[in-house]
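> could you work out the structure for the sequence below:
(4 chains)
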There are 2 protein chains.
Amino acid sequence: MQATTQRAERFTGNTVAQRPAIPSLLKPTERDALALLEQFGTTVPVHRDHEICGEGDKAEYCYRILSGCVRTVRLMEDGRRQIGEFLMAGDLLGFDALGIYDFAAEAVCDVVLRRYPRRMVDALAENNFALTRRLRDITSISLRMANTRLVMLGRKTASERIASFLLEMLERLPTARANVLDLPMGRSDIADHLGLTIETVCRVLAHLRREGTLSIDRSSIAVRDEAALQQMASGTRH
Amino acid sequence: MQATTQRAERFTGNTVAQRPAIPSLLKPTERDALALLEQFGTTVPVHRDHEICGEGDKAEYCYRILSGCVRTVRLMEDGRRQIGEFLMAGDLLGFDALGIYDFAAEAVCDVVLRRYPRRMVDALAENNFALTRRLRDITSISLRMANTRLVMLGRKTASERIASFLLEMLERLPTARANVLDLPMGRSDIADHLGLTIETVCRVLAHLRREGTLSIDRSSIAVRDEAALQQMASGTRH
DNA sequence: CGAGCACTTGAAAGATTTCAAGTCCAGTGG
DNA sequence: CCACTGGACTTGAAATCTTTCAAGTGCTCG
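From the prediction side, this is the model:
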């Protein structure tokens, strides 16, 4: 499935200018308990489609995405793939792991990560209640998001899933300006995230384009009628 | 509300047979950190189909199931329902909530709960690293289980979901002896947990019965060929 | 220019749902 | 004690949604 998947094992001591975090519970804020970790962080670039960590690997690092997009992946024996989530600039990865990683993580496009050794995270947390609490909250938020996806996959139709996904991207993509989405991930990633096939994703998008709800140009999608998407996401309209 | 499926019976020394979800990671301490809470607990019986907490309610209590079965529920506007998980004796509920409950929780059958005020949990955690750590682990385990369900709902067929579900019940139901399951939940609960319709659940069960993999008598299901179920759960066989 | 890849689209197949009857009990009231 | 009734469960047939299979487009890159 992934042609070339390699570990990001090299790390450089480069410092990368840190882009201002988008306000979101999952993202670090100015005076964040996570700031303590910064001195132990290293900056790591990872190329498109390369692996950041493997499913079942011992969780030795936590990451913060500085730029780019990361997907978390689980594979079934026969190759069926489920993408747990997409992580954007500012999002955290691996902080909720418990010993081993639940999912593999791969770069959707070229990404830059800030990497923190887990043993430092744990050591700091042991003497810092704010940090420990923060870690717990991070995990709780991940759980809440996973549960929302559970409803999506268990009970929503293809159109509802696509509409929900586009609305989520509209909120989360740092580059989403003027309701134009430049999706970093391909159709097949979207399909594997939403529990659909790539063809179904295409067809639903084409339908929304014909309807006038979207304008589509490859990876660039302009949302022309956000209200229609919202109705569709909630099942009020098809 | 976040439900946590992990046994905590050690701290009361009760005799429920237990199989920790993730044995290697749940380092069982001599006395569970949760034991601290016991002095603040009250015992609460809840009748079948009655609500324990509502989705979106302020999370004022955490619970441990003493006996019976609880379901966590999310409803869509139009009535579609997703059951997040079923909780059995020993399982924890609400410890991973973040301010408000993500799910409603309802008694599947008559249940007895042990209830702890959240403010006590938080207060104790603030001065007790072991407890804080325990709470984080509880949340991480919930997250891991939610992620496993994500693959189930996103990528598994109806037969695979039913087979996986039966195997999970075989592990988790305290009354599962000699491969006989006395399921506390009805077909419609199972359907809403697996993202299927009640009819599909019936048909798959009927198919497994005709095949000789199961014997079915209403809520009592005997697993005659566990290996077949395992193959079916992983997609090796249909 | 040609190859490869991502994306699109159409048509047929397939899985699951929907609609529509039943069946089977458990609990109730005669 | 037994018929009755409502709810849970089953089953069949048709409808529907999504997938599968197949083919074609368009773009990028060497």
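> if I look at A:Arg114, how far off is DNA strand C?
27 Å (Cβ to the nearest atom of the strand, to the nearest Å). Using the backbone N, CA and C atoms, a C-beta is placed for each residue, glycine as well.
> wait, I meant A:Leu173
Distance, A:Leu173 to DNA strand C, by Cβ to the nearest atom of the strand: 15 Å.
> which residues of chain A lie near DNA strand C?
Applying Cβ under 7 Å from any atom of the strand, we find that chain A lies next to DNA strand C at A:186-188, A:198-199, A:201-203, A:205-206, A:216, A:218-219.
> got TSV for those residues, with pLDDT and neighbour count too?
Below are those laid out as TSV (pLDDT from 0 to 100; neighbours: other Cβ atoms under 10 Å in any protein chain shown):
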residue	pLDDT	neighbour count
A:Gly186	97	15
A:Arg187	98	18
A:Ser188	98	14
A:Ile198	98	14
A:Glu199	98	10
A:Val201	98	23
A:Cys202	98	15
A:Arg203	98	15
A:Leu205	98	18
A:Ala206	97	12
A:Ile216	95	14
A:Arg218	83	9
A:Ser219	87	12
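> can I get those residues in TSV with secondary structure?
Formatted as TSV, those follow (DSSP: H, G, I helix; E, B strand; the rest coil):
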residue	secondary structure
A:Gly186	coil
A:Arg187	helix
A:Ser188	helix
A:Ile198	helix
A:Glu199	helix
A:Val201	helix
A:Cys202	helix
A:Arg203	helix
A:Leu205	helix
A:Ala206	helix
A:Ile216	strand
A:Arg218	coil
A:Ser219	coil
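> ok, of those, which one's closest to DNA strand D?
A:Glu199 (3.7 Å; Cβ to the nearest atom of the strand).
> who touches that closest one in this structure?
By Cβ atoms under 8 Å, 6 or more residues apart in numbering or on different chains, no residues touch A:Glu199.
> with the one 3 residues further on instead?
A:Cys202 sits next to A:Arg187 when contact means Cβ under 8 Å, 6+ apart.
> from chain B, how far off is it?
18 Å (Cβ to the nearest Cβ, to the nearest Å).
> got the phi and psi for the residue in chain A sticking out farthest from the centre?
Here chain A reaches farthest from its C-alpha mean at A:Asn127, the gap being 29.9 Å by Cα atoms, centre = their mean. Dihedral pair for A:Asn127: phi -110, psi 10, per degrees, to the nearest 10.
> so how far is DNA strand D from it?
49 Å.
> what do you get for A:Tyr116?
33 Å.
> please name the bridge partners of that residue.
A:Cys62 (DSSP bridges).
> isn't it up against A:Cys62?
Yes - the criterion here is Cβ atoms under 8 Å, and A:Tyr116 meets it with A:Cys62 at 4.9 Å.
> same for the strand or helix carrying A:Leu229, what does it pack against?
Per DSSP states H and E, A:Leu229 falls inside helix A:226-234. Helix A:226-234 sits against helix A:158-172, with contacts defined as 3 or more Cβ pairs under 8 Å, 6 or more residues apart in numbering or on different chains; DSSP states H and E.
> just want the angle from the helix it packs on to helix A:226-234.
120 degrees (axes from the mean of the first three to the mean of the last three Cα atoms, to 10 degrees).
> what residues does helix A:158-172 touch?
A:22, A:24, A:86, A:88, A:152-153, A:156, A:176, A:179, A:181, A:183, A:190, A:193-196, A:200-201, A:204-205, A:207-208, A:214, A:221, A:223, A:226, A:229-230, A:232-235, A:238.
> narrow those residues to those in strands?
Secondary structure from DSSP state E places A:Phe86, A:Leu181, A:Leu214, A:Ile221, A:Val223 of the contacts of helix A:158-172 in strands.
> biggest separation within these, which pair?
A:Phe86 and A:Leu214 (18.8 Å; Cβ to Cβ).
> of all the residues in the longest helix that chain A contains, which ones are buried?
Criterion DSSP state H: the longest helix present in chain A is helix A:129-155. Using 16 or more other Cβ atoms under 10 Å in any protein chain shown as the test for burial, helix A:129-155 gives A:131-147, A:149-155.
> hang on, the earlier thing: distance of the residue farthest from the centre of chain A from DNA strand C?
Counting by Cβ to the nearest atom of the strand, the gap from A:Asn127 to DNA strand C is 46 Å.
> excluding chain neighbours, what is closest to the residue in chain A that DNA strand D sits nearest to?
Closest contact between chain A and DNA strand D, by Cβ to the nearest atom of the strand, is at A:Thr200 (3.0 Å). Using Cβ to Cβ, 6 or more residues apart in numbering or on different chains and skipping the chain neighbours, the partner closest in space to A:Thr200 is A:Ala158 (5.2 Å).
> quick one, grab the pLDDT at the one you found.
A:Ala158 is assigned 98 on the pLDDT scale.
> what's the answer for A:Arg136, then?
On the pLDDT scale, A:Arg136 gets 89.
> in contact with the nearest residue to A:Gly56 once chain neighbours are set aside, which residues?
Counting by Cβ to Cβ, 6+ apart, A:Gly56 lies nearest to A:Ile100, which is 5.6 Å off, once chain neighbours are set aside. Counting by Cβ under 8 Å, 6+ apart, A:Ile100 touches A:Gly56, A:Asp57, A:Lys58, A:Ala59, B:Leu25.
> now the first one: which helix or strand?
Element membership of A:Gly56 [criterion: DSSP H and E] is none; it lies in no helix or strand.
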